[in-house]
Each structure stands twice: as C-alpha cells, then as structure tokens.
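Student: Have a look at this prediction, sequence included:
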Amino acid sequence: MGNILRVDLTAGTLKVEPLSEDIARKYIGGKGYSVYLIYQYLKEYESKGITQADIDPLGPKNVLIFATGPGTGVPGFPSSGRYHVMALKSPLTGSIGSGNSGGEWGPFLKFSGFDAVIVEGCSERPVYLSIVDGEAELRDASDLWGKNVFDTCRILKKKAGNKNTSVTCIGPAGENLARMACIVNDEHRAVGRTGLGAVMGSKKLKAIVVSGSKKVQVADPDRLKEVSKRCLDTMRKNSVTGEGLPTYGTAILINVINEAGGLPYKNWQTAVNPDADKISGETLAETYLTGRRACWGCTIGCGRVTSVKSGPFQILSSEGPEYESIWALGSSTGVKDLDAIVKANHYCDELGLDSISMGSTIAAAMELNERGHIPEEDLQGLDLRFGNAAALVEAVWRTAYKTGFGKYLALGSKKLCEIYGHPELSMSVKGLEMPAYDPRAMKGIGLTYATANRGGCHVTGYTVSPEILGIPEKIDPLTPEGKAKWAKTFQDFTCVVNSTVNCLFVTFALGAKDFAELLSAVTGWDLTEDEILKIGERIYNLERVILNKYGFDGKDDTLPKRLLEEPMPEGPAKGHVVELEKMREEYYELRGWVNGVPTEEKLKELEIEL
Amino acid sequence: MVVSTKIMLFATLRKKYGVRDLTVKCDGTIRSLIENASRILGARFLDEVYDRKLGKVREDIILMINGRNIKDLKGKIEIKDGDVISVFPPLAGG
C-alpha cells in the first residue's frame, strides 16, 4: 500500500499517512477513496458543530483531494495515465466537486512516491507544492502568480530539471476565482468540471509539481502481464479504440450526433446545427491537425495537436479541441468559424477555464442578450450575439480576468441567468452546465444528466454509447423504455473506472469482467465482476449521501424546463421532449432510493457505514 | 419502383472514397441502395458496409435514414424518394 500526503496550507505543514487497505478494498482508490475521505471530513466537521452550510467553497474549510488509483501509472494497465480530483464543495454548484484528467501527472504523482495528496486550509501567500522522490515541500509562488498555464508548466518543469516531471496548476481564471476555473496539467489536460481551479486559487496554491522514478508495485506481475496482453489486444482490434479514436479523436462525434438530431444549437433552442460539418472532426483533421498526443501509457492516443495557420485567430500550436469543447464554444454559441473555436479553446487551456461551462455560459448570455434581458451598460461593448466569433473569443479571456461583462460570465450560467431574471435559460443541472447531447433526441442521457451526482454531466454514465454509437449494443434513443437500467449500470461502472483510475474510453472495448481481472492482478484481491459493480454502486451511493447532506434530493434530479416542456422543433427527434418522470421513477426503484435519497436498507446492503 | 436518395459519407469513409455525398437511385431496399452506391464508389464499399453472407448492414456500421439508425426502425425498411442516408464507420468519443 502506498502513501497519502496531507498538506495543511493554513499551518504550512505536511504529513505522510499510509493508505488504508481496508478502505481501498471497499472504495478502490481515485474517486471512490476520495468520496470516502470527503464523508469523513463532513463527519468530523459535524462533531465540531460545523455544518455543511459553514463550508465556503472558496474558504479554508474546503478540502481538495488529488488521487490516483491502483491502475494509475502501472505499465500495461490500459490507458492508466489519469487521476481524479475532488472537493468538499464546488464553487460553481454548491455540491460536491469532482473532475478527472489525463496527461502524465497521475502516473508521476505515483512515481514521486504518493498515491494521493490532500490539501486543507488556505495559504496567506501564493505557494506551490513540490514533490520529488517522496520529499514534499511548499515553496513560494509569488513570481508565478498571474502567469498562464503554459508558462507555469514550462517554468516549473524546467526548475525540476525537465526529466520525469509533470505539473498541474491553475491559470489566471483560478487565481481570480472564476467559478468555472479548472485545473490544468501538462499544458492541455484539464480537470475540467465543477470549478476546482477556483478552489485551488482560493487556497493560493498555484501548482503541484511531481517528479520521480519510483516503480509502481503490483501484487501479481505474471497475471497482470497475461490479462494486460489480452485487454490491449482487444483494444487494438476494436474498431473504435483501435481505429476510430486514434484517427479522428473525439471531435468525430459532431456529425453523427447532429445527424441524430441531438447536437444542441444556440443554447439548446434546437439540436440540429446547419453548420455542423464546418466544425466537425473531419474538418478539424483536414485543416487544423498537425499531430497526435497520447496520455501516459495510452495505446488509443485520441489527443489532437492543432494549429490555426493564419488570420485573426492564428495559433502556432495548440491541442484539441475535443468534441465537447467544439460543441460548447461552437454549436452552443452558434459560432461556425472553427478558427475562432480553436482559439477560444486554446484560451480556455491557457487561462484555466472549463470549456464546457465556459461555452455554455456564453451561449446563455447570448440568448439573454438577444431576448433583451441584459442592460447595454453591463455588456460594456461586448456584442454577445449568436454566431459572433470575435465576441466568443473575447468573452473567454474577459471571464478569466473578470473584466467588463466577464465578471458576470465568471459566475457560471445558473447565477448569470438568475441575475438577469431568467433562470430557465441556464442549461444546467444542479448548477453544472450540461454537455453536448440533447436528451430530447436520446432519452437515456437525460436521465443521466438529471441523476448525475455532480450535476449536468455525460461521463457519469455515458448512455450515448448504446443509444447512438451502438456500443455495447444498440438501443433506440427516442424511447424512455429501459433507460433506467442502462443509466444505473453505467454510473456504477464509471465509478469503478474513475477509482481505478484509468480512461473511460477503454470501456468502448473492455467490460466489467476485464476490469475485475486487471484490478485483481494489480491488487491481489481476487475481485469478481459482480463485486466491482457493487463497489461502484457503493461509491455512487455514498456520494449521493453527501449530496443529500448538502440539501440535494429528488427535486434536484431534474432537467431544464426547455427539455421537459419545449418539443424539439426539427430533425429526427422533432416533437420530442424528455419523459423524465417515468424514467426517474424506474431509476429510483432500481437504485433503492426514495425521492433521490438512498434508503437505510440500501446503505446496509452496500455496507456503507455512516 | 425507383427512388432517389442522397448518401452522405463521414469520417474514414469520406476520406477513403473522396466524396462527401452522392445521389443514388435504388429500389427502396438497403441492399439495392448499397449495391448501387458501390457501382459509383467501387466494389470495396459494398464489403465495407454490407455483410453479404448475413444479408445485412455490418454490425459496427452506423447507417441512418433521415437521422434514424436502421437498427432502431421497426418492421420492413423502405427507403423513400428524397431520403437522406448517413453512413458512419465505427466511431466514438465523449
């Protein structure tokens, strides 16, 4: 078992603690272990008379946890270059904070000698945390404060000697406490969602640098070799993980989702984008692609290296944009100029902003503005209208620096729309902006959005896979029938993936049985498929218990009114709304929940001790 | 009966066959549609998209008629005049 580094930024102290095998056996690592720790923090706070309402997401009582899992950084473990970050409270949603990133940082945290880092308190001055071969130290970051993500990564990597090192950090958006600020590692890989960059900014923690060359120990190397070979072979032969994703990356989804009538356009007023092909993965590959970049140990390599060769949005080298980013910054805002979308995405990475929440918030502002709900003096000359590429790019950096109208955008779409008197125009669930799939055209993802613990999220349970892509089998996207079972199974299994921690994309080729074998080989626990799905369910339920403590329940497991009441105006899903109530009732029944709250029997069955 | 359709190709198919879309006439069946498209695009298109042994579109190909995957359509599939057929190779993302 490895070690956890506990950092108290208020006191400036560092403490090394062993990982608990008992906890790991029940919650694996990564997200699962973090959910367990968050619950323990809340219990400890309660014992001191501190309620959840006393936890300011941007104050010292909030806690950030950076965690790897048993798969992270293990050679041969499929696509295991990832780590998970959680916070007691998100400044964007007021609920649990959660995000996940690839690149190299996760493995290098392990190579530096730690499985996880817990960050408590707030520093008075800017600092960064350096971990080199098991030795951790807080260092002054005054000269880094104000620097963008790319500079911060380069400077700190150089200081560490450039070898066997990775940097995760925040940009100006995190420092300025923009509520959709993200944490970015290795320049372009983001812990995107729920505003965790702002939490890091509030703690005055600019970066965590990890260096090391320690080998990750596995329980049964021979068994791992055999299972790994089989799994990697399956992935290579699989048409999606072996060819589709390596060739086109994630942006290839733009056209297929649009053809299915599910690509939200102009703040979800419809989901058929007449200009989808102009911003598609095919166009990106033909015109912008200069190379590929894989995360540590990944055989898929979906990352895109791109450039905008000339014009006002010229960039010599960038990465992405991913499907979700193209959609949020492009389709959602009605911008069809891919140059501008690539540039806006580049700024999101450089300044440290979640491209999904950023694009969606700009789209909400565009609709508010076009409907005449924003006074001209608030806009300060920013012409926020659908399709305005220049305004899109300007809005991104204005948000990061909170200048002009940027101070309103930096609040996220929910608060923005509330301020201007039209909360119904925020396309969010539990305060988190929904990603790139309109559930009127694929009902299952609507149930996932509504019931996802962290809010409007697709990767909590990616039912788009069976509904549109036909993986592992094809189901009709336009019917609500049977979607509850898919949503629950995917949510539970995804908890396992995020606790392992490896990439969700491997699940296009590998199933729960493969994960059970891989985890058994690495940990020596001899897990079965049913056992790991039960662990996933346990994690999801404990996370839900935390949400319930924060006051979220069935009333929050819902969707924006537009999706429930405004029929899709055109395309294959014309006339459809989301029949949420029916799906949710079936889902609660399967979950053993009443009104979004796990029953005592369910918690007992899952061996969750409160 | 002869109907005229527009076939749209995406991703690797677009690159491989060098066209974004083409007009294809057929007798209203999927098989006739793909066979006639192959006469324009080349014989390998037929084998890439259609499983001749099983007499149906290959399992991992996404073929939509007016945005509806044929796997989700109930009953006998009948292509109508003016239908838009979208053909995708296996793909994913998220």
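Tutor: Nice, thanks for sending it over.

Student: Pull out the buried positions in the helix or strand containing residue A:326.
Tutor: Per DSSP states H and E, residue A:326 falls inside helix A:323-326. Of the residues in helix A:323-326, A:323, A:324, A:325, A:326 count as buried by neighbour count, 16 or more other CB atoms under 10 Å in any protein chain shown. Any C-beta I mention is one placed from the backbone N, CA and C, and that applies to glycine too.

Student: now for it, which elements pack on it?
Tutor: Packing partners of helix A:323-326 (3 or more CB pairs under 8 Å, 6 or more residues apart in numbering or on different chains; DSSP states H and E): helix A:253-259, helix A:338-351, helix A:355-370.

Student: quick one: the shortest one near chain B?
Tutor: Yes - Helix A:253-259 reaches chain B (CB under 8 Å from any CB of the partner chain) through A:253, A:255, A:256, A:259.

Student: Strands of chain B, start to end?
Tutor: Applying DSSP state E to chain B gives strands spanning B:3-9, B:21-26, B:50-51, B:56-57, B:62-65, B:68-69, B:84-88.

Student: Pretty sure residue A:434 sits against residue A:359.
Tutor: No - between residue A:434 and residue A:359 there is no contact under CB atoms under 8 Å: 11.4 Å.

Student: mind checking how far the helix or strand harbouring residue A:497 is from the chain centre?
Tutor: Using DSSP H and E, residue A:497 falls within helix A:483-500. Helix A:483-500 sits 15 Å away from the centroid of its parent chain (CA atoms, centre = their mean, to the nearest Å).

Student: touching chain B at all, it?
Tutor: No - residues of helix A:483-500 are not located near chain B by CB under 8 Å from any CB, the shortest gap being 10.9 Å.

Student: Now the element after that helix, going C-ward?
Tutor: helix A:512-523.

Student: Output the contacting helices and strands for that following helix.
Tutor: In this structure, helix A:512-523 packs against helix A:221-237, helix A:483-500, helix A:529-549, with contacts taken as 3+ CB pairs under 8 Å, 6+ apart.

Student: Pick the most buried one from these.
Tutor: helix A:483-500 (a mean of 25; mean count of other CB atoms under 10 Å in any protein chain shown).

Student: burial measure for residue 12, as a count.
Tutor: Picked chain A for this. 12 (other CB atoms under 10 Å in any protein chain shown).

Student: Sorry, I should have been clearer: chain B.
Tutor: 20.

Student: on that earlier part again, only the C-alpha atoms, please, for the helix holding residue A:497, written as PDB.
Tutor: Extracted as PDB, the C-alpha positions of helix A:483-500 are listed here (Å, rounded to 0.1, in the frame of the first residue of the first chain):
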ATOM      1  CA  LYS A 483     -33.000   3.500 -19.900                       C
ATOM      2  CA  ALA A 484     -33.000   3.400 -16.100                       C
ATOM      3  CA  LYS A 485     -31.100   0.200 -16.100                       C
ATOM      4  CA  TRP A 486     -28.600   1.500 -18.500                       C
ATOM      5  CA  ALA A 487     -28.100   4.700 -16.600                       C
ATOM      6  CA  LYS A 488     -27.600   2.900 -13.300                       C
ATOM      7  CA  THR A 489     -25.200   0.300 -14.700                       C
ATOM      8  CA  PHE A 490     -23.100   2.900 -16.500                       C
ATOM      9  CA  GLN A 491     -23.000   5.200 -13.400                       C
ATOM     10  CA  ASP A 492     -21.800   2.300 -11.200                       C
ATOM     11  CA  PHE A 493     -19.300   1.000 -13.700                       C
ATOM     12  CA  THR A 494     -17.900   4.600 -14.300                       C
ATOM     13  CA  CYS A 495     -17.300   4.900 -10.600                       C
ATOM     14  CA  VAL A 496     -15.100   1.800 -10.900                       C
ATOM     15  CA  VAL A 497     -13.200   3.400 -13.900                       C
ATOM     16  CA  ASN A 498     -12.700   6.700 -12.100                       C
ATOM     17  CA  SER A 499     -11.500   4.900  -9.000                       C
ATOM     18  CA  THR A 500      -9.100   2.600 -10.800                       C
END
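
Student: For chain B, see how far away residue A:440 is.
Tutor: 13 Å (CB to the nearest CB, to the nearest Å).

Student: Sorry, slip of the keys, the one I care about is residue A:347.
Tutor: Per CB to the nearest CB, residue A:347 is found 22 Å from chain B.

Student: so which helix or strand takes in the closest residue to that residue other than its chain neighbours?
Tutor: Nearest residue to residue A:347, sequence neighbours excluded (CB to CB, 6 or more residues apart in numbering or on different chains): residue A:396, at 4.4 Å. Element membership for residue A:396 (DSSP H and E) is helix A:389-401.

Student: before we move on, what about residue A:312?
Tutor: Counting by DSSP H and E, residue A:312 is found in no helix or strand.

Student: Over to residue A:129. Which of the three states is it?
Tutor: When classified by DSSP: H, G, I helix; E, B strand; the rest coil, residue A:129 comes out as strand.

Student: In contact with it, which residues?
Tutor: Residues in contact with residue A:129, defined by CB atoms under 8 Å, 6 or more residues apart in numbering or on different chains, are A:7, A:117, A:119, A:136, A:137, A:138, A:139, A:205, A:207, A:208, A:209.

Student: List the ones among those residues that fall in strands.
Tutor: A:7, A:117, A:119, A:136, A:137, A:138, A:139, A:205, A:207, A:208, A:209.

Student: Report the contact partners of the fifth one.
Tutor: Residues in contact with residue A:137 (CB under 8 Å, 6+ apart) are A:14, A:129, A:130, A:131.

Student: Enumerate the residues of chain B near chain A.
Tutor: Contact residues (CB under 8 Å from any CB) of chain B with chain A: B:8, B:10-12, B:14-15, B:20, B:60, B:62, B:64, B:66-69, B:71-72, B:86, B:88-94.

Student: quick revisit: neighbour count: residue A:434 and residue A:359, which is higher?
Tutor: Neighbour totals were compared for residue A:434 and residue A:359, and residue A:359 leads with 35 against 32 (other CB under 10 Å).

Student: Could you find the closest non-adjacent residue to that one?
Tutor: The nearest residue in space to residue A:359 (CB to CB, 6+ apart) is residue A:328, at 2.7 Å.

Student: that's a helix at the one you found, yeah?
Tutor: Yes - checked against three-state DSSP, residue A:328 lies within a helix.

Student: tell me which residues of the helix or strand residue A:584 falls within are tucked away?
Tutor: Residue A:584 belongs to helix A:580-591 when assigned by DSSP H and E. By neighbour count on 16+ other CB under 10 Å, the buried set for helix A:580-591 is A:580, A:583, A:584, A:586, A:587, A:588, A:591.

Student: Give me the angle between it and helix A:483-500.
Tutor: Interaxial angle, helix A:580-591 versus helix A:483-500 (axes from the mean of the first three to the mean of the last three CA atoms, to 10 degrees): 60 degrees.

Student: Any idea which residue of the stretch 1-150 of chain A lies closest to chain B?
Tutor: residue A:100 (12.1 Å; CB to the nearest CB).

Student: So for the strand or helix carrying that residue, mean pLDDT?
Tutor: Per DSSP H and E: residue A:100 is located in strand A:97-101. Average pLDDT, strand A:97-101: 98.
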